[in-house]
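Participant: Fold the following, please.
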Amino acid sequence: MLNTSTSSLVKLEIVRALRNKKYLFFTILYPAALFLMLGGTLDGTTKVMGTELTMPAFYMVAMASFGALTAVLMGNSERIAKEREKGWVRQLRLTPLPGRGYVLAKTAGAGVLSLPAILVVFAVAAAVKDVRFDAWQWLALTGAIWAGSLVFAALGVALGYLVSGDSVRPVTMLIYFGLSILGGLWMPTANFPQWLQNIAEWLPTHAYAGLGQAIELGGAPQAKDVAILAVYFVLFTGAAAWLYRKDSLKA
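Facilitator: Numbers count the residues shown, from 1 in each chain. Here you go, the predicted structure:
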(Lines give C-alpha, C1' and ligand atoms only; values in the text may rest on other atoms or scores of the structure.)
Protein backbone atom coordinates (compact mmCIF):
# COMPACT_ATOMS: atom_id res chain seq x y z
CA MET A 1 0.00 0.00 0.00
CA LEU A 2 1.05 3.62 -0.50
CA ASN A 3 2.14 5.56 2.58
CA THR A 4 0.64 8.96 3.41
CA SER A 5 3.30 11.09 1.70
CA THR A 6 3.25 8.96 -1.44
CA SER A 7 -0.57 9.01 -1.58
CA SER A 8 -0.53 12.80 -1.25
CA LEU A 9 1.89 13.11 -4.15
CA VAL A 10 -0.27 10.82 -6.29
CA LYS A 11 -3.31 13.03 -5.60
CA LEU A 12 -1.27 16.15 -6.42
CA GLU A 13 -0.15 14.64 -9.74
CA ILE A 14 -3.74 13.83 -10.71
CA VAL A 15 -5.07 17.28 -9.79
CA ARG A 16 -2.26 19.02 -11.69
CA ALA A 17 -2.88 16.96 -14.82
CA LEU A 18 -6.65 17.49 -14.76
CA ARG A 19 -6.09 21.25 -14.63
CA ASN A 20 -3.87 21.05 -17.70
CA LYS A 21 -5.89 21.76 -20.84
CA LYS A 22 -3.19 20.19 -23.05
CA TYR A 23 -3.53 16.96 -21.08
CA LEU A 24 -7.30 16.95 -21.54
CA PHE A 25 -6.96 17.43 -25.29
CA PHE A 26 -4.02 15.22 -26.22
CA THR A 27 -4.78 12.43 -23.77
CA ILE A 28 -8.58 12.22 -23.83
CA LEU A 29 -9.90 13.91 -26.98
CA TYR A 30 -7.04 13.36 -29.43
CA PRO A 31 -7.13 9.50 -29.40
CA ALA A 32 -10.92 9.50 -29.79
CA ALA A 33 -10.62 11.91 -32.73
CA LEU A 34 -7.96 9.68 -34.31
CA PHE A 35 -10.27 6.70 -33.93
CA LEU A 36 -12.96 8.54 -35.87
CA MET A 37 -10.49 9.48 -38.60
CA LEU A 38 -8.73 6.09 -38.89
CA GLY A 39 -11.40 3.58 -38.00
CA GLY A 40 -14.65 5.45 -37.75
CA THR A 41 -15.04 5.94 -41.49
CA LEU A 42 -14.33 2.31 -42.39
CA ASP A 43 -16.78 -0.49 -43.07
CA GLY A 44 -17.70 -2.27 -39.86
CA THR A 45 -17.60 -5.67 -41.60
CA THR A 46 -14.20 -5.38 -43.28
CA LYS A 47 -11.54 -7.48 -41.54
CA VAL A 48 -8.08 -6.15 -40.78
CA MET A 49 -5.33 -7.91 -42.72
CA GLY A 50 -3.75 -10.67 -40.65
CA THR A 51 -6.52 -10.69 -38.02
CA GLU A 52 -10.16 -11.61 -37.59
CA LEU A 53 -11.00 -8.17 -36.22
CA THR A 54 -13.14 -5.58 -37.98
CA MET A 55 -11.57 -2.20 -38.67
CA PRO A 56 -13.52 -0.36 -35.92
CA ALA A 57 -12.71 -3.05 -33.32
CA PHE A 58 -9.02 -3.04 -34.29
CA TYR A 59 -8.69 0.73 -34.12
CA MET A 60 -10.70 0.96 -30.90
CA VAL A 61 -8.08 -1.06 -29.04
CA ALA A 62 -5.24 0.65 -30.94
CA MET A 63 -6.42 4.17 -30.10
CA ALA A 64 -7.35 3.33 -26.50
CA SER A 65 -3.82 1.97 -26.09
CA PHE A 66 -2.39 5.02 -27.85
CA GLY A 67 -4.31 7.35 -25.54
CA ALA A 68 -3.09 5.53 -22.44
CA LEU A 69 0.45 5.62 -23.84
CA THR A 70 0.15 9.37 -24.34
CA ALA A 71 -1.01 9.92 -20.77
CA VAL A 72 1.72 7.93 -19.06
CA LEU A 73 4.73 8.49 -21.34
CA MET A 74 4.49 12.09 -22.52
CA GLY A 75 3.21 13.48 -19.22
CA ASN A 76 5.69 11.68 -16.97
CA SER A 77 8.87 12.35 -18.90
CA GLU A 78 8.31 16.08 -19.40
CA ARG A 79 7.09 16.80 -15.87
CA ILE A 80 9.95 14.95 -14.21
CA ALA A 81 12.65 16.55 -16.39
CA LYS A 82 11.27 20.04 -15.71
CA GLU A 83 10.82 19.35 -11.99
CA ARG A 84 14.46 18.29 -11.78
CA GLU A 85 15.61 21.54 -13.38
CA LYS A 86 13.39 23.68 -11.14
CA GLY A 87 14.63 21.97 -7.98
CA TRP A 88 11.26 20.46 -7.05
CA VAL A 89 12.69 16.95 -6.85
CA ARG A 90 15.53 18.21 -4.63
CA GLN A 91 12.99 19.76 -2.26
CA LEU A 92 11.01 16.53 -2.09
CA ARG A 93 14.13 14.74 -0.90
CA LEU A 94 14.01 16.93 2.23
CA THR A 95 10.53 15.59 3.07
CA PRO A 96 9.60 12.19 4.59
CA LEU A 97 8.81 10.96 1.06
CA PRO A 98 11.18 8.02 0.33
CA GLY A 99 12.96 7.86 -3.01
CA ARG A 100 11.00 4.82 -4.12
CA GLY A 101 7.82 6.69 -3.12
CA TYR A 102 8.52 9.43 -5.68
CA VAL A 103 9.02 6.94 -8.51
CA LEU A 104 5.98 4.94 -7.39
CA ALA A 105 3.83 8.07 -7.11
CA LYS A 106 4.75 9.18 -10.63
CA THR A 107 4.00 5.75 -12.07
CA ALA A 108 0.74 5.29 -10.14
CA GLY A 109 -0.46 8.83 -10.83
CA ALA A 110 0.14 8.45 -14.55
CA GLY A 111 -1.62 5.09 -14.50
CA VAL A 112 -4.75 6.62 -12.96
CA LEU A 113 -4.76 9.35 -15.60
CA SER A 114 -4.67 6.84 -18.45
CA LEU A 115 -8.10 5.46 -17.55
CA PRO A 116 -10.20 8.37 -18.97
CA ALA A 117 -8.46 8.06 -22.34
CA ILE A 118 -9.38 4.38 -22.54
CA LEU A 119 -13.01 4.87 -21.53
CA VAL A 120 -13.62 7.80 -23.90
CA VAL A 121 -12.37 5.83 -26.93
CA PHE A 122 -14.55 2.89 -25.91
CA ALA A 123 -17.58 5.15 -25.56
CA VAL A 124 -17.02 6.78 -28.97
CA ALA A 125 -16.54 3.38 -30.65
CA ALA A 126 -19.74 2.01 -29.12
CA ALA A 127 -21.80 5.12 -29.90
CA VAL A 128 -20.52 5.97 -33.38
CA LYS A 129 -19.57 2.60 -34.89
CA ASP A 130 -21.84 0.36 -32.81
CA VAL A 131 -18.91 -1.72 -31.51
CA ARG A 132 -20.38 -4.37 -29.21
CA PHE A 133 -18.80 -6.89 -26.85
CA ASP A 134 -19.92 -8.92 -23.86
CA ALA A 135 -19.73 -7.25 -20.46
CA TRP A 136 -16.73 -9.37 -19.40
CA GLN A 137 -14.86 -8.32 -22.53
CA TRP A 138 -15.37 -4.61 -21.85
CA LEU A 139 -14.11 -5.11 -18.29
CA ALA A 140 -11.19 -7.24 -19.42
CA LEU A 141 -10.26 -4.75 -22.15
CA THR A 142 -10.26 -1.87 -19.68
CA GLY A 143 -8.20 -3.77 -17.14
CA ALA A 144 -5.68 -5.12 -19.64
CA ILE A 145 -5.07 -1.81 -21.40
CA TRP A 146 -4.84 0.06 -18.10
CA ALA A 147 -2.44 -2.47 -16.55
CA GLY A 148 -0.31 -2.53 -19.69
CA SER A 149 0.06 1.26 -19.59
CA LEU A 150 2.14 0.97 -16.40
CA VAL A 151 4.98 -0.39 -18.54
CA PHE A 152 5.15 2.92 -20.39
CA ALA A 153 4.63 4.92 -17.20
CA ALA A 154 7.89 3.40 -15.96
CA LEU A 155 9.55 4.30 -19.27
CA GLY A 156 8.34 7.88 -18.83
CA VAL A 157 9.95 8.07 -15.38
CA ALA A 158 13.23 6.73 -16.76
CA LEU A 159 13.23 9.27 -19.62
CA GLY A 160 12.51 12.08 -17.18
CA TYR A 161 15.73 11.29 -15.33
CA LEU A 162 17.75 10.50 -18.43
CA VAL A 163 17.09 13.60 -20.54
CA SER A 164 17.35 17.30 -19.72
CA GLY A 165 14.34 19.63 -19.70
CA ASP A 166 15.37 21.24 -23.00
CA SER A 167 15.65 18.00 -24.94
CA VAL A 168 13.08 15.81 -23.20
CA ARG A 169 10.22 16.66 -25.56
CA PRO A 170 11.91 15.83 -28.91
CA VAL A 171 13.48 12.66 -27.47
CA THR A 172 10.18 11.51 -25.96
CA MET A 173 8.26 12.36 -29.13
CA LEU A 174 10.68 10.31 -31.21
CA ILE A 175 10.25 7.29 -28.93
CA TYR A 176 6.51 7.89 -28.58
CA PHE A 177 5.72 7.99 -32.30
CA GLY A 178 8.32 5.36 -33.14
CA LEU A 179 6.82 2.83 -30.72
CA SER A 180 3.26 3.75 -31.73
CA ILE A 181 3.77 3.37 -35.47
CA LEU A 182 6.16 0.41 -35.48
CA GLY A 183 4.16 -1.38 -32.79
CA GLY A 184 1.00 -1.31 -34.89
CA LEU A 185 -1.09 1.26 -33.04
CA TRP A 186 -1.56 3.43 -36.12
CA MET A 187 -1.74 0.74 -38.78
CA PRO A 188 -1.74 -3.08 -38.87
CA THR A 189 1.78 -4.49 -38.85
CA ALA A 190 0.65 -6.99 -41.51
CA ASN A 191 1.10 -4.10 -43.96
CA PHE A 192 4.82 -3.88 -43.10
CA PRO A 193 7.58 -5.68 -45.01
CA GLN A 194 8.47 -8.99 -43.38
CA TRP A 195 11.75 -7.79 -41.86
CA LEU A 196 9.91 -4.92 -40.15
CA GLN A 197 7.18 -7.27 -38.92
CA ASN A 198 9.88 -9.41 -37.32
CA ILE A 199 11.13 -6.37 -35.40
CA ALA A 200 7.65 -5.10 -34.51
CA GLU A 201 6.56 -8.30 -32.80
CA TRP A 202 9.18 -7.77 -30.09
CA LEU A 203 8.26 -4.16 -29.35
CA PRO A 204 6.27 -3.42 -26.16
CA THR A 205 3.58 -1.53 -28.07
CA HIS A 206 2.93 -4.52 -30.32
CA ALA A 207 2.47 -6.77 -27.29
CA TYR A 208 0.38 -4.04 -25.63
CA ALA A 209 -2.08 -3.89 -28.54
CA GLY A 210 -2.10 -7.68 -28.62
CA LEU A 211 -3.62 -7.81 -25.13
CA GLY A 212 -6.81 -6.09 -26.23
CA GLN A 213 -7.00 -7.77 -29.61
CA ALA A 214 -6.94 -11.23 -28.00
CA ILE A 215 -9.76 -10.26 -25.64
CA GLU A 216 -11.83 -8.85 -28.51
CA LEU A 217 -11.55 -12.24 -30.23
CA GLY A 218 -12.96 -13.91 -27.11
CA GLY A 219 -9.76 -15.35 -25.68
CA ALA A 220 -7.11 -14.54 -23.10
CA PRO A 221 -3.99 -12.48 -23.90
CA GLN A 222 -1.20 -14.54 -25.38
CA ALA A 223 1.53 -15.65 -22.98
CA LYS A 224 4.18 -14.20 -25.31
CA ASP A 225 2.63 -10.71 -25.17
CA VAL A 226 2.33 -10.83 -21.38
CA ALA A 227 5.92 -12.03 -21.04
CA ILE A 228 7.26 -9.31 -23.36
CA LEU A 229 5.48 -6.60 -21.38
CA ALA A 230 6.68 -8.07 -18.08
CA VAL A 231 10.29 -8.03 -19.28
CA TYR A 232 10.02 -4.44 -20.50
CA PHE A 233 8.38 -3.41 -17.21
CA VAL A 234 11.29 -4.86 -15.22
CA LEU A 235 13.80 -3.16 -17.54
CA PHE A 236 12.07 0.24 -17.44
CA THR A 237 11.47 0.25 -13.68
CA GLY A 238 15.03 -0.89 -13.09
CA ALA A 239 16.34 1.90 -15.31
CA ALA A 240 14.10 4.45 -13.56
CA ALA A 241 15.32 3.37 -10.12
CA TRP A 242 18.98 3.43 -11.19
CA LEU A 243 18.67 6.85 -12.83
CA TYR A 244 16.85 8.21 -9.77
CA ARG A 245 19.65 7.05 -7.46
CA LYS A 246 22.24 8.45 -9.85
CA ASP A 247 20.44 11.81 -9.90
CA SER A 248 20.25 11.76 -6.08
CA LEU A 249 24.03 11.46 -5.83
CA LYS A 250 24.44 14.61 -7.93
CA ALA A 251 22.19 16.64 -5.62
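Participant: For the residue nearest to the spatial centre of the chain, which residues are in contact?
Facilitator: Centroid-nearest residue in the chain, with Cα atoms, centre = their mean: L69, separated by 2.2 Å. Counting by Cβ atoms under 8 Å, 6 or more residues apart in numbering, L69 makes contact with S149, F152, Y176, L179, S180, L185, T205, Y208. For the C-beta atoms, the positions are set from N, CA and C on the backbone; glycine is no exception.
Participant: Measure how buried the first one is and give me the count.
Facilitator: It refers to S149. 28 (other Cβ atoms under 10 Å).
Participant: Same question for the fourth one.
Facilitator: Each residue near L179 was counted by other Cβ under 10 Å, and the total is 21.
Participant: right, and the secondary structure at it would be what?
Facilitator: helix (DSSP: H, G, I helix; E, B strand; the rest coil).
Participant: show me the residues around it that make contact.
Facilitator: L69, L203, P204, T205.
Participant: Got a quick PyMOL command for the buried subset of the residues you listed?
Facilitator: In PyMOL, a selection of the buried entries from the contacts of L179 looks like this (16 or more other Cβ atoms under 10 Å):
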select buried, resi 69+203+204+205
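Participant: which one of the contacts of L179 sits closest to F236?
Facilitator: Each of those was scored against F236 by Cβ to Cβ, and P204 proved nearest at 8.6 Å.
Participant: mind pulling up the phi and psi values for the closest residue in space to the closest one that isn't next to it in sequence?
Facilitator: Nearest residue to P204 in three dimensions, chain neighbours excluded: Y232, at 4.4 Å (Cβ to Cβ, 6 or more residues apart in numbering). The phi and psi values for Y232, taken as degrees, to the nearest 10, are phi -60, psi -40.
Participant: Go ahead and confirm H206 touches I199.
Facilitator: No. If you go by Cβ atoms under 8 Å, H206 and I199 don't touch, sitting 9.2 Å apart.
Participant: Which neighbours do these two have in common?
Facilitator: L182.
Participant: Which element, helix or strand, includes the nearest residue to G210 once chain neighbours are set aside?
Facilitator: Counting by Cβ to Cβ, 6+ apart, G210 lies nearest to D225, which is 4.1 Å off, once chain neighbours are set aside. Assigned by DSSP states H and E, D225 falls within helix 223-250.
Participant: need the next SSE after the longest helix seen in the chain, C-terminal direction.
Facilitator: Taking DSSP state H as the criterion, the chain has its longest helix at helix 99-128. Where DSSP H and E defines the elements, the next helix or strand beyond helix 99-128 is helix 135-162.
Participant: Just the buried residues of that next one, please?
Facilitator: 138, 140-142, 144-162.
Participant: Packing partners of it?
Facilitator: Counting by 3 or more Cβ pairs under 8 Å, 6 or more residues apart in numbering; DSSP states H and E, the packing neighbours recorded for helix 135-162 are helix 55-69, helix 75-86, helix 99-128, helix 168-182, helix 204-216, helix 223-250.
Participant: which stretches of the stretch 101-250 of the chain have low pLDDT?
Facilitator: Under the criterion pLDDT under 70, the flagged ranges of the stretch 101-250 of the chain are 101-103, 108-109, 248-250.
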